[in-house]
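A.B. asks: predicted structure and sequence below. I'll ask about it afterward.
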Amino acid sequence: MAVYVDDMAAKFGRMLMCHMIAETHAELVAMADRIGVARKWIQQAGNHGEHFDICQSKRLLAVKYGAVEIPLRDLAEHTAKRRNPEGKALYYGTEPAPDAERGEEGAK
């Protein structure tokens, strides 16, 4: 099991952003919690493209805590591995928490 961060450097205001994905929803939100990214910022919750867009300072923290660095061009390959035939997320039996799907503040 692993968390991944790509090398994208897209501008968002004054920040440079990248993607953070994981093999499971639980791993993804655990890393978000650990690096201080609010769960409400999750994107595409509940499907194979589930991820966070994170700034470079959070990327450095994620790597410090064990995230694997991958090139942006490999991101699609990693997300495709999480897709089942119906296009739903495949998280080895783990489904996203209902509040994460809605992106509610209570999700943290």
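C.D. replies: Nice, I can see it.

A.B. asks: what does the longest strand belonging to the chain contact?
C.D. replies: In the chain, taking DSSP state E as the definition, the longest strand is strand 15-22. The set of residues external to strand 15-22 that reach it, using Cβ atoms under 8 Å, 6 or more residues apart in numbering, is 1-11, 28, 31-32, 37, 50-56, 58-59, 62, 67, 72, 75, 78-79. Yep, even glycine has a C-beta here, placed from its N, CA and C like the rest.

A.B. asks: just the buried ones from those residues?
C.D. replies: Among the contacts of strand 15-22, the ones that count as buried by 16 or more other Cβ atoms under 10 Å are 3-6, 28, 31-32, 37, 50-54, 58-59, 62, 67, 75, 78-79.

A.B. asks: quick one: which of the residues you listed sit in helices?
C.D. replies: 28, 31, 32, 58, 59, 62, 75, 78, 79 (DSSP state H).

A.B. asks: out of the residues you listed, what pair is the most spread apart?
C.D. replies: Farthest pair in those (Cβ to Cβ) is 58 and 79. Separation: 19.4 Å.

A.B. asks: all strands of the protein, in order?
C.D. replies: Per DSSP E, the chain carries strands over the ranges 3-6, 10-12, 15-22, 52-55, 68-70.

A.B. asks: any chance of the ones you listed in CSV with distance to residue 45 as columns?
C.D. replies: Shown next, in CSV, are the strands of the chain (distance: least, Cβ to Cβ, whole Å):
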stretch, distance to residue 45
strand 3-6, 16
strand 10-12, 20
strand 15-22, 12
strand 52-55, 10
strand 68-70, 21
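
A.B. asks: list the strands paired with the longest strand of the chain, with their directions.
C.D. replies: Its sheet considered, strand 15-22 pairs with strand 3-6 (antiparallel), strand 10-12 (antiparallel), strand 52-55 (antiparallel) by DSSP bridges.
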